[in-house]
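**Q** Mind folding the following:
(one chain, ligands or ions: 1)
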Amino acid sequence: MNRQQLVNQIKQKKSFLCVGLDTDISLIPSFLLDFADPVFEFNKRIIDATHDLCVAYKPNSAFYESRGIAGWQSLIMTSQHIPKTCLGLIDAKRGDIGNTSTMYAKAFFDKESSGMSFDAITVAPYMGIDSVKPFLEFEGKWVVLLALTSNEGGKNFQFLTTGEQRLFETVIDTANTWAGNDRIMYVVGATRSEEFINIRKHAPDHFLLVPGIGAQGGSLQEVAKFGINNDCGLLVNSSRSIIYASRGEDFAEKAREEALKLQQEMSHILEENNLI
Ligand SMILES: O=c1ccn([C@@H]2O[C@H](COP(=O)(O)O)[C@@H](O)[C@H]2O)c(=O)[nH]1
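**A** Coordinates of the predicted model:
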C-alpha cells in the first residue's frame, strides 16, 4: 500500500487506527484451542470484525516467533488474511549488517520466499544506513524506524544529546536523507505526547506509527492535537485494549466495539482538522 492509498483509506474509513495483533495463545478464549490453528482463528475473527474501522494491522512478531513453527504458520496465515484495504505492518524491530538485513526483508516482504508479504516493517536504526537500506530496496515497502519509543527505558539512549540535539532527533534528520516520506515512517510513542510538536519540526510530512494508547496510558487526543498533519500522518496503534476487550466467546464483537469507539473519536478529529 503506497502513501496515497493509505491517505485514501484514512479518508474513506474516517480512521487512522492500527489494530495490534499481539496474540498470546494463553490469553485467547479457550474454545478456540479446538481449532487447528487457534491463533490464526483468533486473528481471523478479529480482522473480520474490525477491518472496516481500521487502516492497518500490526502483528508483533514476538508473539508468533515464541511459538516456533506453529507461530510462524499462524503469522503467515494472518499476513495473508489482512485485506488489501489495510496496511500490513509487521512489528519485528529488525536491522543488522547488510546481507543479514536482506534476509530479514525477504522473510517479511517476499511472499515467494516466506509466504509473507507485509507492506511495512519496524526497523531499529542503531546500526545505521547499511542496516536499513536492504529493506528500502524492496520496491513499494515501508520502513518504520524506531525514533522515540513509548517505554520508560527509551530515555536511556533516545534523549542523549548528540551535538546540538537529542539522539531521536538525529535519527530522524539522518534517516530523512535515506528515502522520502513515501517509504519511511517513524515510531513515536503516545506516552511522549509532549514531544510531538518538536517531532513535527523534524518530520513535518512523515507518517508516524504511534503505539501506547490504551494499556500504556497514552492519550489519542493529545497525540492528534500535536501530531496530526495535512495528510493525517498518524497511525495510532492499540493492541491489548482491543483484542482482549473480552476473553469470552464474544471477543470479536467486543473488539469491534472498542475499535468503533476509537474510530468515532478519530472521525471527529479528522473532521475538526478539515481532513474529511
Ligand atoms: O515504542 C514502542 C514500539 C512498539 N510498541 C509495540 O506496540 C504494541 C503496543 O501494544 P499495547 O497493547 O497497545 O500497549 C506492542 O506490540 C509493542 O511491542 C510499543 O508499545 N512501543
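**Q** roughly how far apart are the closest residue to the ligand within the stretch 1-150 of the chain and Trp142?
**A** Distance from the ligand to each residue of the stretch 1-150 of the chain (C-beta to the nearest ligand atom) is smallest for Thr149, at 3.1 Å. In short, each C-beta sits where N, CA and C put it, glycine included. Distance of Thr149 to Trp142, given as C-beta to C-beta, to the nearest Å: 18 Å.
**Q** who in the protein is up against the ligand?
**A** Counting by C-beta under 6 Å from any ligand atom, the chain comes close to the ligand at 20, 22, 60, 91, 149-151, 187, 189, 211-212, 214-216, 237-240.
**Q** Among those, name the buried ones.
**A** 20, 22, 60, 91, 149-150, 187, 189, 211-212, 214, 216, 237-239 (16 or more other C-beta atoms under 10 Å).
**Q** Among the residues you listed, find the lowest-pLDDT one for me.
**A** Within those, Gly214 has the lowest pLDDT, namely 88.
**Q** The nearest residue to that one once chain neighbours are set aside: what's it in contact with?
**A** Excluding the flanking residues, the one nearest Gly214 by C-beta to C-beta, 6 or more residues apart in numbering is Ser241, at 3.2 Å. Neighbouring residues of Ser241 by C-beta atoms under 8 Å, 6 or more residues apart in numbering: Ile213, Gly214, Ala215, Glu258.
**Q** The first one: neighbouring residues, count only.
**A** As a burial measure, Ile213 scores 25 neighbours (other C-beta atoms under 10 Å).
**Q** What are the phi and psi values at it?
**A** Backbone torsions for Ile213, taken as degrees, to the nearest 10, come to phi -90, psi 170.
**Q** same deal with the third one?
**A** Here is the backbone geometry of Ala215 (degrees, to the nearest 10): phi -60, psi -30.
**Q** how much space between the closest residue in space to Ile213 that isn't next to it in sequence and Gln73?
**A** Leaving aside its sequence neighbours, Ile213 sits nearest to Ala190 (C-beta to C-beta, 6+ apart; 4.7 Å). Ala190 is 32 Å from Gln73, where distance means C-beta to C-beta.
**Q** Comparing those two, which residue is more hemmed in?
**A** Between Ala190 and Gln73, counted using other C-beta under 10 Å, Ala190 has the larger neighbour count: 25 against 17.
**Q** residues touching the more buried one, list them.
**A** Contacts of Ala190 by C-beta under 8 Å, 6+ apart are Ser150, Val210, Pro211, Gly212, Ile213, Gln216, Gly218, Ser219, Leu220, Glu222, Val223, Val236.
**Q** related to what we said a few turns ago, among the residues of the chain next to the ligand, which lie within strands?
**A** Taking DSSP state E as the definition of strands, the residues of the chain next to the ligand contribute Gly20, Asp91, Val187, Asn237, Ser238.
**Q** Select, from these, the two members most distant in space.
**A** Maximum pairwise distance in these, criterion C-beta to C-beta, is 14.5 Å, between Val187 and Ser238.
**Q** rewinding a little: nearest to Asp110 among the buried ones among the residues of the chain next to the ligand?
**A** Checking these one by one against Asp110 (C-beta to C-beta), the nearest turns out to be Asp91, at 18.3 Å.
**Q** Would you mind measuring from the nearest residue to that closest one once chain neighbours are set aside to Arg240?
**A** Of all residues not flanking Asp91 in the chain, Asn60 sits nearest, at 4.3 Å (C-beta to C-beta, 6+ apart). Separation of Asn60 from Arg240 (C-beta to C-beta) stands at 11 Å.
**Q** Mind listing the shared neighbours of those two?
**A** The contact lists of Asn60 and Arg240 share Gly20, Asp22, where a contact means C-beta under 8 Å, 6+ apart.
**Q** what's whichever strand or helix holds Ala105 packed up against?
**A** Ala105 belongs to helix 98-109 when elements are defined using DSSP states H and E. If you count contacts as 3 or more C-beta pairs under 8 Å, 6 or more residues apart in numbering; DSSP states H and E, helix 98-109 packs onto strand 87-94, helix 111-114, strand 120-123, helix 129-136.
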